[in-house]
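**Q** my questions concern the predicted model and sequence given below.
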Amino acid sequence: MSLKLVLPLHFLFFFFFFFFLSSACASTSTDQSWIRTMEEFSGYPTHAPGPPSLPVDAEGLQKQIDELSAFSDTPAPSVTRVLYSDKDVAARRYIKNLMEKSGLSVREDAVGNIFGRWNGNDVGLAAVATGSHIDAIPYSGKYDGVVGVLGAIEAINVLKRSGFQPNRSLEVIMFTSEEPTRFGISCLGSRLMAGSEGLANALKETVDAQNISFFDAARAAGYHIDQEDFRNVFLKDTYSSFLELHIEQGPILEEEGVSIGIVTAIAAPASIKVEFEGNGGHAGAVLMPARNDAGLAAAELALAVEKHVLESGSTDTVGTVGILELHPGAINSIPSKSHVEIDTRDIDETRRNIVVEKIHQSAISIAKNRRVRLSEFKIINQDPPALSAEPIIKAMEHAARQLNLSHKLMISRAYHDSLFMARISPMGMIFIPCYKGYSHKPEEFASAEDIANGVKVLALTLAKLSQS
Ligand SMILES: *[C@@H]1O[C@H](CO)[C@@H](O)[C@H](O)[C@H]1NC(C)=O
Ligand SMILES: *[C@@H]1O[C@H](CO)[C@@H](O)[C@H](O)[C@H]1NC(C)=O
Ligand SMILES: *[C@@H]1O[C@H](CO)[C@@H](O)[C@H](O)[C@H]1NC(C)=O
Ligand SMILES: [Zn+2]
C-alpha cells in the first residue's frame, strides 16, 4: 500500500494456597469448568483440595495499573506519557521488570517494541502473541492500552500458577507509540512490524514539533539506532495468533451489562485534507454575486460529507469534519482560504472508499459552482479495515462460555495495534466495559472485576490457541 506518511500532524512463581487465594483474589464464579479445561489442555493436574479458583490477582493488577499511571508528565488522575520521554522510558523499565519477574525472556527491537517470551514445549512452532500499548496522549487516563499489557502479563502468571505448559510459545508485546502524539504516526510499532516500507523510509526523515528527529529521540531514550534499517523490525510468520485485551472505549458493554466484547472487525479510517481558495474581500464592499467565498465552500463540503456517509445505508459508515479553519478569520473579511480535515471510517473497505470518492467529486463540483480553487485534496491515509480470524473468535467465545461470562460479538470503531497485526497474523480482540465509554480523558475507568474477567478470557484463549 502506498502509505503517505507525510503526516504533518500525529509485567517468582507463586506457591499459593487456595484458602489464602479465595480471600485475596477477586475471583468470581465457580470455576470447575476452568480446572477441567486446564487439565485437558496441559495434561497437568491442577485440581487441589479446597474451593477451586481461577487465580487472577486482581488487587495486584490494580496496584500495577496505579503505579504505572504515576509515570506521567501531568498530575493525577490525568496521564500524559509521550513516546521516548523520560516518563515513557521509566514506564518501559517498569514493564520489562514485570516481564522478567514473570520469568519471560525480554527483548526489544530497534524502535522499542518490547517482547516477553515464555518458551513452549515446541519452540519450532509459531508463537501466540498478545499485547497493547502504554503510551498516553496528553491528559488522558490510565486504562487505555495499559490493561492489554499489564493484563497480558497477569494472564501469563495465571497460566503459570495453574501449572499450565504451552506447546506454542506465548509472547507478550508492548507496542511502541500507538498514539500519534509525538511524530504524527499512529500505531508506529505495529505498523512497522507489519512491514510498512513507507514507514521504514519515512522514519529516517521524521521530526517532531520541536524539530527533533526520530533518530535523536530514540537515542535519547536509550535506543542506539543510527541510520538503522527499520526493516529489521518487520516480522513475518512469527505468530500463529495475535490477541489484544482492551477497554471498549465506547458505552455499549456497560449499558447492556455485558462483561466481554468479542471483536469481529476493526473499522479503519481514511483521513482527507482539503483546501479551497477564493478572492476574499471586504465583508461590506463586495456584493454577493461577486463573491467566491472559500468558507462557504468548506461549509458545503462538510454537509456533503454527512450526506455521502448517510447514503451508504449502513450505520457502520461514519464521517466527521473535525477541523474547519478559515483564513484570515476576521468578522469583516470574506474567507479567502479554508482548510477542512475529514475522517471517514467503515468496516467495509469498498464502501468506505466509495464515500471517499464521492467526497472528492463533491469537492470538485463545489469549487466549480462557487468559483473557488480546490488547491488541495489529499488522502493522508487510507488503511484497510481488518476482520478477526474465525478460529480466534470461536476460541474467545468458548472461553467466555466456560467462564460463565456474558459476552457479545461487536465491532471496534476505534482502531488499535491489532489492525496492523492482522496483516501478519490471524487476529482477535477482547473488550471489557469502561465507565460511560470514556476514554482519552482522566475520567477513564474500568473496574478491577471487569479487568479480571478480561484477563481470564485472555488466559483461557491463549491456553487454547497455544495447543492448536
Ligand atoms: C530542523 O533541523 C534540521 C537539522 O538540524 C535543520 O536543517 C532545519 O533547518 C531545522 N528546521 C527548522 C524548521 O528549524
Ligand atoms: C452463570 O451466570 C449466571 C448469571 O450471572 C448465574 O445465574 C448462574 O448461576 C451462573 N452459573 C454458574 C454455573 O456459575
Ligand atoms: C504438545 O507437544 C508435545 C511434545 O512436542 C506433543 O507430543 C503433543 O502432541 C502436543 N500437543 C498438542 C495438543 O499439540
Ligand atoms: Zn488503546
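**A** Here it is on my side, so go on. Numbers count the residues shown, from 1 in each chain. Ligands and ions are numbered 1, 2, ... in the order given.

**Q** can you name the residue of the stretch 251-400 of the chain nearest to ligand 4?
**A** With C-beta to the ion as the measure, residue 266 is the residue of the stretch 251-400 of the chain nearest to ligand 4, at 11.8 Å. No exception for glycine: its C-beta is placed from N, CA and C like everyone else's.

**Q** how about the helices of the stretch 51-200 of the chain, start to end?
**A** Using DSSP state H, counting those that start in this stretch, the helices of the stretch 51-200 of the chain run over 58-69, 86-101, 146-161, 188-193, 197-202.

**Q** count of neighbours near the closest residue to ligand 3 within the stretch 51-200 of the chain?
**A** Here the stretch 51-200 of the chain gets closest to ligand 3 at one residue, residue 167, 3.7 Å apart by C-beta to the nearest ligand atom. Using other C-beta atoms under 10 Å, residue 167 has 17 other residues around it.

**Q** contacts only, for it.
**A** Shown in contact with residue 167 (C-beta atoms under 8 Å, 6 or more residues apart in numbering): 120-122, 125, 466-467.

**Q** got those as TSV, with distance to residue 360 columns?
**A** Formatted as TSV, these follow (distance: C-beta to C-beta, whole Å):
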residue	distance to residue 360
120	50
121	54
122	51
125	47
466	47
467	49
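
**Q** buried among these? Need that as a selection in ChimeraX.
**A** Buried subset of the contacts of residue 167, written as a ChimeraX selection, criterion 16 or more other C-beta atoms under 10 Å:
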select :120,466,467
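
**Q** return the closest of the contacts of residue 167 with respect to ligand 4.
**A** Distance to ligand 4, by C-beta to the ion, is smallest for residue 466 among the contacts of residue 167, at 24.5 Å.

**Q** list the contacts of the closest one.
**A** 120, 128, 166-170.

**Q** list phi and psi for it.
**A** Dihedral pair for residue 466: phi -70, psi -20, per degrees, to the nearest 10.

**Q** roughly how far apart are the nearest residue to it once chain neighbours are set aside and residue 269?
**A** Distances taken as C-beta to C-beta, 6 or more residues apart in numbering place residue 166 nearest to residue 466, at 3.8 Å, with adjacent residues excluded. Residue 166 is 36 Å from residue 269, where distance means C-beta to C-beta, to the nearest Å.

**Q** how about residue 362?
**A** For residue 362, the distance to residue 269 - C-beta to C-beta - is 19 Å.

**Q** quick one, which of these two is more surrounded?
**A** residue 269 (24 against 18).

**Q** mind checking the SS state of that one?
**A** Classification of residue 269 by DSSP: H, G, I helix; E, B strand; the rest coil places it in strand.

**Q** now do the same contact list for it.
**A** Applying C-beta under 8 Å, 6+ apart, the residues near residue 269 are 343-345, 381, 383, 415.

**Q** in the longest helix along the chain, what's buried?
**A** Longest helix of the chain, by residue count under DSSP state H: helix 349-369. Buried residues in helix 349-369, counted by 16+ other C-beta under 10 Å: 349, 352-356, 358-359, 362-363, 366-367.

**Q** need the contact list for the residue sitting nearest the centre point of the chain.
**A** In the chain, the residue lying closest to the centroid (C-alpha atoms, centre = their mean) is residue 416, at 2.4 Å. By C-beta under 8 Å, 6+ apart, the contact set of residue 416 is 132, 178, 187, 244, 246, 266, 429.

**Q** out of those, which is nearest to residue 392?
**A** The nearest member of these to residue 392, counting by C-beta to C-beta, is residue 429 at 9.0 Å.
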